[in-house]
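Trainee: Provide a 3D model corresponding to the input given below.
(6 chains, ligands or ions: 12)
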Amino acid sequence: MCLGIPGKIIRWLERDGVFAQAEVEFDGVRRVVHMACVTEAEEGEYVIVHAGIAISRIDPEEAEQIFQTLAEMGDDEGWHATETDDAGEDS
Amino acid sequence: MCLGIPGKIIRWLERDGVFAQAEVEFDGVRRVVHMACVTEAEEGEYVIVHAGIAISRIDPEEAEQIFQTLAEMGDDEGWHATETDDAGEDS
Amino acid sequence: MSERERNLSGSWQLNCPVLLLTTSDCVTLAHGEGGRLSRKLIQECILKTLQPVSSLCLNDAAPLPRSERPLAMTTDSYVITPLFFPGGDIGSLAVYGTVNDLAVSGARPLWLTLSLIIEEGLPLAVLERILESVAQTAAETGVQIMAGDTKVVPRGAADGLFINTAGVGELMDPVPVGPDRIQAGDELIVSGPVGQHGIAVMAVREELGVEPVPQSDSGSLFPAVENLRHKLGARVRCLRDATRGGVSAVLHEWAAASDMTLSIEERLIPVTPEVRGISELLGLDPLHIANEGTMLIAVEQGAGAEAVAELQGLPGMSGAQKIGEARERGIAAVTVRRTLGAEQPLADPLGSPLPRIC
Amino acid sequence: MSERERNLSGSWQLNCPVLLLTTSDCVTLAHGEGGRLSRKLIQECILKTLQPVSSLCLNDAAPLPRSERPLAMTTDSYVITPLFFPGGDIGSLAVYGTVNDLAVSGARPLWLTLSLIIEEGLPLAVLERILESVAQTAAETGVQIMAGDTKVVPRGAADGLFINTAGVGELMDPVPVGPDRIQAGDELIVSGPVGQHGIAVMAVREELGVEPVPQSDSGSLFPAVENLRHKLGARVRCLRDATRGGVSAVLHEWAAASDMTLSIEERLIPVTPEVRGISELLGLDPLHIANEGTMLIAVEQGAGAEAVAELQGLPGMSGAQKIGEARERGIAAVTVRRTLGAEQPLADPLGSPLPRIC
Amino acid sequence: MKYLDEYRDPEAAQRLLTEIRKTATHCWTLMEVCGGQTHSLLRHGIAAELEGTVELIHGPGCPVCVTDQGAIDFACQLAQREDVILASFGDMLRVPGSDSSLLDVRTAGGRVQVVYSPLDAVELARRYPERQVVFFAVGFETTAPATALAVRQADRDGLENFSLLVSHVRVQPAMETLVEAPDHRVQAFLAAGHVCTVMGYESYESFVETYRLPVVVTGFEPLDLLEGILACVRQLEQQQARLENCYARSVQEAGNRAARDLVQEIYQVSDRAWRGFGVIPRGGLELSPEWSQYDARIRFEKQALPVLENEECRSFDVMTGQLKPTACPHFGKRCRPETPLGAPMVSSEGACAAYYRYGMSADHATA
Amino acid sequence: MKYLDEYRDPEAAQRLLTEIRKTATHCWTLMEVCGGQTHSLLRHGIAAELEGTVELIHGPGCPVCVTDQGAIDFACQLAQREDVILASFGDMLRVPGSDSSLLDVRTAGGRVQVVYSPLDAVELARRYPERQVVFFAVGFETTAPATALAVRQADRDGLENFSLLVSHVRVQPAMETLVEAPDHRVQAFLAAGHVCTVMGYESYESFVETYRLPVVVTGFEPLDLLEGILACVRQLEQQQARLENCYARSVQEAGNRAARDLVQEIYQVSDRAWRGFGVIPRGGLELSPEWSQYDARIRFEKQALPVLENEECRSFDVMTGQLKPTACPHFGKRCRPETPLGAPMVSSEGACAAYYRYGMSADHATA
Ligand code: SF4
Ligand code: SF4
Ligand SMILES: [Mg+2]
Ligand SMILES: [Mg+2]
Ligand SMILES: [Mg+2]
Ligand SMILES: [Mg+2]
Ligand SMILES: [Mg+2]
Ligand SMILES: [Mg+2]
Ligand SMILES: [Mg+2]
Ligand SMILES: [Mg+2]
Ligand SMILES: [Mg+2]
Ligand SMILES: [Mg+2]
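Mentor: Numbering: from 1, shown residues only, chains lettered A, B, ... in the order given. Ligands and ions are numbered 1, 2, ... in the order given. Model (predicted):
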């Protein structure tokens, strides 16, 4: 369930409150999205959109984490060291 | 206005009162006709039907009158005698 | 009668094989959307039913057999309500109609395409029954169905079923010269009683409640055309199936093409008692009512009697009559003589006549 | 954009000559009933608009010019809603669609029939605009419209306008052998980005409110087919325009016909950013979405690169790509490799995919 | 068909024609009141044959033609409502209201159902219990029994979704209005045979006495019409003004008692706006108060209907016999059956339409 | 597309796969709660690649699958009413009720409109003021903010013809029901990333503590899923049971405050019949009393909805992980997407449908 797709905020149309709206880009197209739950987001940021409403701002740093993990995995070419690192991060 | 077509009563379906109905024949077809206004008509008689309801019984004798007139006209091959006859009848 | 009641009540016997595939016994949108159900419908219902008269395949276009003669092509869409009517159904109509358009153009009907636009919710059994009628009529008229198409549109976006057929036939020698060559003195013949199809359909559709239900004249004109041309050759000027607008519409088209006055006599027009009775009841003129197996024929002066005799000898054509002739353009494009014998203009109807009370 | 808004708002500029004849600026039932208004509509609106590309006459069937080559025939009905969509309209679609069916069957499109089923109330200006589009598309693709038909059905009995075209073309040597002759190793090519037509229509019809409005790929495939066959000759096994059901439906049909496994790679499928964005938003797979100017081609092993290069050099075909190949029947009729590289069955859709939230 | 075909006998018709020609010493002007008679006179070519002997002018005899534009507008409004099925005789569909006709409304999505009989409209109400079925009750006294019976049926069956938009008109008040005009040209009347079938002709006695004009009750077939014309011509030649019944096979002096009772039970006489005439006192029928629950005007909360008219249409002149349809400046030009300016060009009974159809082909009219 | 394509990188996916295979010393059984995850696991071939390393069983994660048959029946009834437009996500259209699906109802003439967003249904209500627009509000906590916002919009605009047929379900009570079963096989959970985006994951702390099972909040793209699976496997290998968030780019511990407020404002927690489960205490959301004027059940005077189930469908076993879809005796035989016996075969997210689509072609299944 819960098909949620990342889109980029192009332009705020109505910034405040429960009826907030912004133009959001999904690859080649833009559409008006209801922004009640992400009123503090800025243009250029990405949000996750589900059924016409944004339900979160995407945190760009957190979005990188997996690639850092992967890069570390790649460096060590083994899993033991990586496991230790990861465990360290998580705990 | 007032397209009224002669049809022959084939069969009474409901004889009495305002909701009387009969099967009536129009050349090659029959249809149910409302008979509220001609309840005293008999099967085999002709009625004039307008908008699904019979509005009169056709009087067979009166129906012949024109042909008698014509026959007389024909016999005399002139209009004076006929006129006199007709005038006699009408007055 | 019981047939008709069954048609109207919609209680079809269900035996279309595609039923096995879906819980619904009706055509659904998915049947038209190009996926598995589409292929099942086409293969297991349509192709199977049409197989005896068809070279249909799933490819995009079908090769036609070689022909030595020049070809002619036509198309018609059939949108009749109700789908089944006394004397036929939309399936037989879709074959006869296009066969007749080829026939009256001087072509021997050979190949048809068949395109279905189905309203979501049409019972599959109805579809199958109509396809069987298509197959049977194609077999009877000797045409092959070469290509097909099936679309399903949402409920409310069509009226049950529309069928388009396009047809190709071989032109036979001599090709009728056409209505622009009608000359003064040419004789006008109608191949049978007029107005039967339109009155039959109206009787069922408007639920006029008349008995017996009048029958459509729906049928093939090709045998008659072939015989006529065999007997009369180039003395046949032109032929036309008198469909929408009836005999009157054909006369007006021909009069416009030839610049003649086409003049007919009301007393000569063949009309069945059913059509007569209903026409009087509704204030309609059978000359304006559609036919589906009756044509108008113009023949050279002097050839009328031979043409009528030839037609009357053919099955189902015993009602053929000469109804008038062409003359130099007079008071109107088309004229009719009624009771008093004077020539008066025959109306070119604006649209389908509506029942009148006035 | 402003064009589109005008289309949707229905505020047409009125200039159809038939308007002069009736108080209504819409098609009425009377226009379809065979009388004077029918003839006016046909002569003053339809024939006039189509005149540059048509040999249409009012006769029942039209003679076809002689042809030295064998012929092929096809038919399709077009039932699209809305009638105008970004990148085309029902008129251009009705010509391109049938032209493409002939083209992918190896025939040079020559002659069409055109059959209109009009819903009472269609603005005459809309009809005229669509007929102009038919005429323009016929001129572009070099086909002649040989016969026509016009029906008007009551309000609510159709969805604005349905068009049927049947087409006849000359088969060119060599005719593609067909999908049943696909062999292991054959290469599968798509002529351009997939899903554009279906997504464009859905975006307008469901009022998704996306910008820019994606454009349909609606267009003629004949130049590409002719070039390919000129370059590759019999190395082209078969071609198919990937209409309803999209690329997936064609692959499933071909796999069934050939008994091969047709295997494609998701990363090779060309998709435009608009189609990509909307597909993700609605949870749709572009492989299942309809195209109207994009075809699938199977070529002999080793001929793929040449075919792709040839296509990419043609106008509008720069997106052509090899997307997979045929193999002996394996785990499924059609397979796709996605992210992890493993082969997995590609669904044969039941019907048009519905937008998902799940 | 018995009682039809014999009255269309060509030979007999010719003999009556001859008789009329012999009788008339100069050209008399007769008015046939009923559009059905107009139709028949033109369809069978009688009017043309009598040219120079008898001038036939066409009366206000088509209930379709005289139905007030306001009533048509209201019918159009009702037909546009999603909850309404507007049932009507086919004749009414092309008659223009101030904006559009019922056919236009149907073209634009309204639900308009053609029926042969008002009783069929009751059947529609039975079949569509979730819709309101409104029957557009037009017509002269002839049609009123059928619409009255429809009300009785709906009442018997407890159909709460059936009502009438009543626009029935009465003939005789219109005839009186007509002959009250100082410049009227009518020398004798062919009274409408089917109106008299229902209502009888007693009421014409005072009319004949008051206006000193022959009134001959006349049928619809060629022989009927010719006989009626002959009777008129004879009276005129003899300078008489009597009431005669030439349609005695259907018409009795007192009319049809049961039919009159039905009409009397359901309706009451009222003033009525006639198209082309204005309001005619006692010129129509309306539902009596006891049956007002079947009144669509009340059910749909519409009070008085405005009297509207297309000013360009000269229908008053045509219907009062002041103007031949062909003499109307719009006839066959801007005003044609497909683009009518007024009701007489619309109904198949309308004098203008009848002239257009039978008298003049399109080519002819514009040539 | 940014934040999509990079999470589908084949090479990175292979490295995570390798890592998982290296990490797992034996085959662990994980449940992905969300149907979106099921879809992605099968679509991208992840489940197949992990065969023998990790067994993925599919949870009750499709709100379409778990929507009670009674609610579907009611939706079908509403859609059949002439005055109602039933608006729905496309997913619900093929789900069978006890008699028929919404698609069947539409085929039979009912008005069912597919919308992308509940806000589009509000727009429908604006456009068709004479109709009642009922939005079929299915979905987990993820979807509830959108439907809540629709109510707020309708309220702002005073739309009296808009209402919701609420069938929202809550995930966590279902997970509890599932692990309360004595014979459950789940060793760790991939928690639904978008549910947690709205609701956060604080509430899972007690769950983890109570049931001693790892819970890893997981996203939907291949790398997300592989990362979540890897996290589960690591915990399991280390005999840990912790709450982890592997979808931190979208999910915060407390969820989205504004979204939760919207849900809280409009809805209240209620017991709910889950298809295949029976009634789950606190397993759903219903409109709070202050918003009950938007409740289609109340507006259309329907009280309790019966809990109905097709007894042949083994959806409970499938959704609780007791039964692989392919092991259901009906799978691919009587039960196929075109003839589903139960909801999991209908929704594109349903486990059975996903197996059928991605795992088995039709030929394969019946061969
Ligand atoms: S011709 Fe037309 S404008 Fe003139 S009176 Fe007749 S209806 Fe009116
Ligand atoms: S395969 Fe069908 S019957 Fe079996 S559990 Fe899945 S949905 Fe139910
Ligand atoms: Mg034709
Ligand atoms: Mg139909
Ligand atoms: Mg024809
Ligand atoms: Mg096709
Ligand atoms: Mg015949
Ligand atoms: Mg085709
Ligand atoms: Mg359409
Ligand atoms: Mg094709
Ligand atoms: Mg035609
Ligand atoms: Mg392309």
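Trainee: now do the SS call for C:Ile323.
Mentor: Counting by DSSP: H, G, I helix; E, B strand; the rest coil, the backbone at C:Ile323 sits in strand.
Trainee: surely it touches C:Val271?
Mentor: No - with contacts counted by CB atoms under 8 Å, C:Ile323 stays clear of C:Val271, the gap being 11.2 Å. Bear in mind the C-beta positions are built from the backbone N, C-alpha and C, glycine included.
Trainee: which of the two has more neighbours?
Mentor: A count of neighbours by other CB atoms under 10 Å in any protein chain shown puts C:Ile323 above the other of C:Ile323 and C:Val271, at 25 against 21.
Trainee: tell me which stretches of the chain form helices.
Mentor: No chain was given, so I picked chain A. A:60-76, A:80-90 (DSSP state H).
Trainee: meant chain C, my bad for not saying
Mentor: For chain C, the helices defined by DSSP H occupy C:2-9, C:36-40, C:48-50, C:90-104, C:124-141, C:196-205, C:222-232, C:246-258, C:273-282, C:304-312.
Trainee: nearest to ligand 9 among those helices would be which one?
Mentor: helix C:36-40 (18.6 Å; CB to the ion).
Trainee: from the chain's centroid, how far away is the closest one?
Mentor: Centroid separation for helix C:36-40 versus its chain: 31 Å, with CA atoms, centre = their mean, to the nearest Å.
Trainee: what about the chain, any weak spots by pLDDT?
Mentor: I went with chain A, as the question did not name one. Scanning chain A for pLDDT under 70 picks out the ranges A:1, A:74-91.
Trainee: wait, chain E was what I had in mind.
Mentor: In chain E, residues with pLDDT under 70: E:61, E:63, E:302-310, E:347-349, E:358-367.
Trainee: now with 50?
Mentor: For chain E, applying pLDDT under 50 flags the ranges E:302-308, E:360-367.
Trainee: residues contacting the residue nearest to E:Thr143 when sequence neighbours are not counted?
Mentor: By the measure of CB to CB, 6 or more residues apart in numbering or on different chains, the closest residue to E:Thr143 outside its immediate chain neighbours is B:Ala51, 5.6 Å from it. With contacts defined as CB atoms under 8 Å, 6 or more residues apart in numbering or on different chains, B:Ala51 is in contact with C:357, E:89, E:116-118, E:139, E:143, E:146.
Trainee: likewise C:Ala107?
Mentor: C:Ala107 makes contact with C:71-72, C:169-172, D:61, according to CB under 8 Å, 6+ apart.
Trainee: got it, and E:Arg156?
Mentor: With contact taken as CB under 8 Å, 6+ apart, E:Arg156 is in contact with B:Phe19.
Trainee: that one and C:Leu296, how far apart?
Mentor: 50 Å (CB to CB, to the nearest Å).
Trainee: remind me, longest helix of chain E?
Mentor: helix E:222-237.
Trainee: helix B:60-76 and that one, what's the angle between them?
Mentor: Between helix E:222-237 and helix B:60-76, the angle comes out at 70 degrees (axes from the mean of the first three to the mean of the last three CA atoms, to 10 degrees).
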